[in-house]
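>>> Structure, please.
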Amino acid sequence: MKINKLLIIIFTIFSINTNVQSTETYMYGGGKFFSYGVEKSDLQVINTSLVNLGFSSSTSSTDNSGWGFDLGFGIEMSPNFFLEAGYVNYGTLTINTTTTGPAETLKLDIKGNGVTAGGKFQLDSYYVKGGMHSWDFTGKITSSLGNSSEPLGSGTDPFFGIGFGADGFELGYEYYALDDGDISAITARFAHKF
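Below is the predicted model of the structure:
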């Protein structure tokens, strides 16, 4: 379903392009290093839930980071303003939990994907951008008794970014709002004009 949304967004942008004297159309892609914003209180909620289920104790930890990427298309609407639409992989957040009474080692992997649509304003080598991202996250828990995967949520929220670039290369910072939280990323990408 997310792929259909992406195709609709891309088709809409390219349809707009037929009515605008565009001087630049490009495809972009790159890597992202995410910070997921998980706090100690979030981990404590997991631990408290497991103790309430009957475990004697629970300890959870995470490095709160992961690698992802994005791919997309952009169109120059005016000399400094561009429309962009793309796909983003939010990477994987891993939370490791150890319990006692009974002893168990649990691993939770949270993965997400989304589509983005927005505008980018660039002046010289610096840019700001913003728009909306439609996201979807799932969680997979691994234990000694087996594995289980479940959807964790989906929605549509704003995203923002700042950065600088030249000759098709860009470095930047991006912020993605979620229903009850947020994630951020350091990004590096390359754009190819065609």
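
>>> what about the chain, any weak spots by pLDDT?
Confidence mapping of the chain against pLDDT under 70 gives the ranges 1-23.

>>> can you give me the helices in it?
2-17, 40-53 (DSSP state H).

>>> Not counting residues beside it along the chain, what's closest to the residue sitting nearest the centre point of the chain?
Centroid-nearest residue in the chain, with C-alpha atoms, centre = their mean: residue 90, separated by 3.4 Å. Leaving out its chain neighbours, the residue that sits closest to residue 90 by C-beta to C-beta, 6 or more residues apart in numbering is residue 112, at 3.6 Å. Placement of C-beta: from N, CA and C, glycine included.

>>> wait, the residue nearest to the centre of the chain sits on residue 137?
Yes - judged on C-beta atoms under 8 Å, residue 90 makes contact with residue 137 at a distance of 7.4 Å.

>>> Overlap in contacts, the two.
Residues touching both residue 90 and residue 137 by C-beta atoms under 8 Å, 6 or more residues apart in numbering: 111, 112.

>>> what number of residues lie near residue 73?
Other residues near residue 73 come to 20 when the count uses other C-beta atoms under 10 Å.

>>> Tell me which residues touch residue 190, please.
The contact partners of residue 190, taken as C-beta under 8 Å, 6+ apart, are 28, 29, 30, 168, 169, 170.

>>> Touching, the first one and residue 84? I think so.
Yes - with contact taken as C-beta under 8 Å, residue 28 and residue 84 are classed as touching, separated by 7.4 Å.

>>> joint contacts of the two?
Shared contacts of residue 28 and residue 84 (C-beta under 8 Å, 6+ apart): 72, 73, 74.

>>> any idea how far the first one lies from residue 117?
Yep, that's residue 72 we're talking about. 9 Å (C-beta to C-beta, to the nearest Å).

>>> Same check on residue 123?
As for residue 123, its distance to residue 117 is 22 Å (criterion: C-beta to C-beta).

>>> same thing with residue 85?
For residue 85, the distance to residue 117 equals 5 Å [C-beta to C-beta].

>>> Repeat that for residue 98.
Applying C-beta to C-beta, one obtains 42 Å for the distance of residue 98 from residue 117.

>>> neighbour count winner among those two?
Between residue 98 and residue 117, residue 117 has the larger neighbour count (other C-beta under 10 Å), namely 22 against 14.

>>> my guess is that one meets residue 84, correct?
Yes - contact between residue 117 and residue 84 holds when scored by C-beta under 8 Å: they sit 7.4 Å apart.

>>> Mutual contacts of those two, please.
With contacts defined as C-beta under 8 Å, 6+ apart, the residues adjacent to both residue 117 and residue 84 are residue 131.

>>> higher neighbour count, residue 28 and residue 84?
Remark: of residue 28 and residue 84, residue 84 carries more neighbours, 21 against 17, as counted by other C-beta under 10 Å.

>>> out of everything not next to it in sequence, what's closest to the more buried one?
Counting by C-beta to C-beta, 6+ apart, residue 84 lies nearest to residue 74, which is 4.2 Å off, once chain neighbours are set aside.

>>> Sweet, I'm off.
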